[in-house]
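> Got a predicted model here, sequence first, then my questions.
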Amino acid sequence: MMEKFFFAFTFFCFNMLAAQISITIRITDTTGMHKKMNIELINNSNESYAIPIDRSDVRGNGPGICSETVETALLPTVNLKNLGNYKYLEYDYQFASGNSETFNQIDAASSRVKRMNDIFIGLKPKERITYELHFNPINFNNKILYHELFYITPYILYDLDLSICISKKAVAKFGKRIKLNGEFYTPFYGKIQSNKVMVQWTPEMFIYK
């Protein structure tokens, strides 16, 4: 009984912390296979936070419970839900297998200042930062001889959202304060969940092989 209470309390606190950072996405180009996403990270708190995130791409993983047992990845997770049956799509990969770099694999002791600035985004209280990505559902998270994909059905409407799950254990090795560009920030942990946007692809946009 106590174990269940402790788990529920930890899960509640973990997600309450996440509410301090929010993410908003907008699709600004819907004409081609590549959907242009405008992504905005917002610090809603009164604390300066350092957030580990890779802004170069997204990864597939599927929605799930964000907790201390979930491995932290630097790439945000993209989720697609079929509005016809309200089911989330499972992602797949082609060519050689591989994995996104995970935050857990980074050695804090050997990280250089430049590397830290590449890993973390520093957000002061009420500050927001915007960046853009081009998302292609049948070719993303490209690695050497490897990429991820969703099996998209033409004309079907999908809900698209992004999520980031950062465990306290993953950021603890960097200490209680992180110095970025000469200023100190508190390492952030928790789940960051975006809004949902509706997307659709048509047959002329791509050809199945």
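Okay, I see it. What you are looking at is a predicted structure, and each value in this text was computed from that prediction instead of being measured.

> For T28, see how far away the residue most central in space within the chain is.
With distances taken as CA atoms, centre = their mean, P76 lies nearest the centre of the chain, 1.6 Å away. As defined by CB to CB, to the nearest Å, P76 lies at a distance of 17 Å from T28. Just so you know, the C-beta spots here come from the backbone N, C-alpha and C atoms, and that holds for glycine as well.

> returning to what we had before: for the residue nearest to the centre of the chain, give me its contacts.
Shown in contact with P76 (CB atoms under 8 Å, 6 or more residues apart in numbering): 23, 39, 53-54, 58-59, 162-164.

> cool, and K126?
With contact set as CB under 8 Å, 6+ apart, K126 has these partners: 43-44.

> Show me what M37 is bridged to.
Each beta-bridge partner of M37 is listed here, defined by DSSP bridges: I27, L133.

> Give the residue spans of this structure that score low on pLDDT.
Flagging of the chain using pLDDT under 70 yields the residue ranges 1-18, 62-65, 67-72, 95-116, 144-145, 204-209.

> pretty sure L123 contacts I129?
Yes: applying CB atoms under 8 Å as the test, L123 and I129 come out as touching, 6.6 Å apart.

> And the two? Which one has more around it.
When L123 is set against I129 and neighbours are counted by other CB atoms under 10 Å, the residue ahead is L123, at 24 against 15.

> Please name the nearest non-neighbouring residue to the more buried one.
In space, not counting the residues next to it along the chain, L123 is nearest to N43; the distance is 3.9 Å by CB to CB, 6 or more residues apart in numbering.
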